[in-house]
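Engineer: Here is my input; please provide its structure:
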Amino acid sequence: MADVKNFEESASALYNLGIQQFKIKKYKDAIKTFAKIESLYPFSELAVKGRLIAAVANYEIDDYVSASDLVDDYIQMYPNSQNIDFAYYLRIISKYMQIQDIDLDPKVAYEVLELSNEFIKLFSNSEYAVSVKKGLTNVRHHVAGKEFSIGNFYLKRGEYIAALKRFNVILAQYDDTKYFPESIYRIYEIYLALGDRETSQKYLSMFQKCCKDSIWINLNKQ
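Structural biologist: A predicted model of the protein is given here:
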């Protein structure tokens, strides 16, 4: 019994120290303290709580990779935690902050897109759902922009089939982004260039119906 009591007191003392360090924004010290709890008392309830707080501490010092790694492990190890929705949310925003230049590496942006959709399905009533939806809109524009830039690249090179694939992705998946109107217009141009006037007219009609306020309407009138 004495050993159990000492165990609980030692774990509790470390946890309280980590909390105090976190509260006064000594995040690096808090991270070390919670790591110590994890090392000494890996299966304790305080280790579970500490891991999540350590992830937040890493986020606060802009170490988004460590934050997302910690919370990834947390989600796998404690899927039934009462804070699981926050853990999913923290993972999303940690990944989101890793999106630098989508032209260099779009992988993270696509991952955030997938994680955000997963969150909305799993935790539609969570207090973090509104924030995730807002971020999802930004990421969708981000990803659509990447698809569009690749489509434009192929179009300028005269690689029409490759360009069509990219623009069609925007039509199918990102019709709520600013890239939707021009994508329809570019598809119209491609079919015109390929000599398929019937299909080109179909896309022109679609464009004229859904994109009346687009600058590309005026371009078509010139």
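
Engineer: Just give the nearest non-adjacent residue to Glu118, would you?
Structural biologist: Tyr88 (7.6 Å; CB to CB, 6 or more residues apart in numbering). C-betas here are computed from N, CA, C, even on glycine.

Engineer: On the three-state scheme, Tyr110 is what?
Structural biologist: On the three-state scheme (DSSP: H, G, I helix; E, B strand; the rest coil), Tyr110 is labelled helix.

Engineer: pLDDT at the closest residue to it other than its chain neighbours, what is it?
Structural biologist: Spatial nearest neighbour of Tyr110, chain neighbours left out: Val143 (6.3 Å); criterion: CB to CB, 6+ apart. Val143 carries a pLDDT score of 88 in this model.

Engineer: Which helix or strand contains Val143?
Structural biologist: Val143 is part of helix 129-156, with elements assigned from DSSP states H and E.

Engineer: Tell me the first helix or strand C-terminal of that helix.
Structural biologist: helix 160-173.

Engineer: Low-confidence ranges, this protein, go.
Structural biologist: Along the chain, the model assigns pLDDT under 70 to residues 1-9, 100-105, 212-222.

Engineer: Mind doing that once more with 90?
Structural biologist: Residues of the chain that meet the criterion pLDDT under 90 lie in 1-12, 38-49, 77-78, 80-82, 97-110, 134-143, 145-146, 175-178, 204-222.

Engineer: quick one: the helices in it?
Structural biologist: With helices called from DSSP state H, the chain shows them at 2-23, 27-40, 45-60, 64-77, 84-96, 107-122, 129-156, 160-173, 180-193, 197-210, 215-221.

Engineer: Please produce CSV containing the ones you listed, extended by mean neighbour count.
Structural biologist: Formatted as CSV, the helices of the chain follow (neighbours: other CB atoms under 10 Å):
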stretch, mean neighbour count
helix 2-23, 14
helix 27-40, 19
helix 45-60, 21
helix 64-77, 18
helix 84-96, 21
helix 107-122, 17
helix 129-156, 17
helix 160-173, 17
helix 180-193, 21
helix 197-210, 14
helix 215-221, 11
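
Engineer: Any figure for the gap between the residue sitting nearest the centre point of the chain and Gln201?
Structural biologist: Most central in the chain under CA atoms, centre = their mean is Val112, positioned 2.0 Å from the mean C-alpha point. As judged by CB to CB, to the nearest Å, Val112 and Gln201 stand 38 Å apart.
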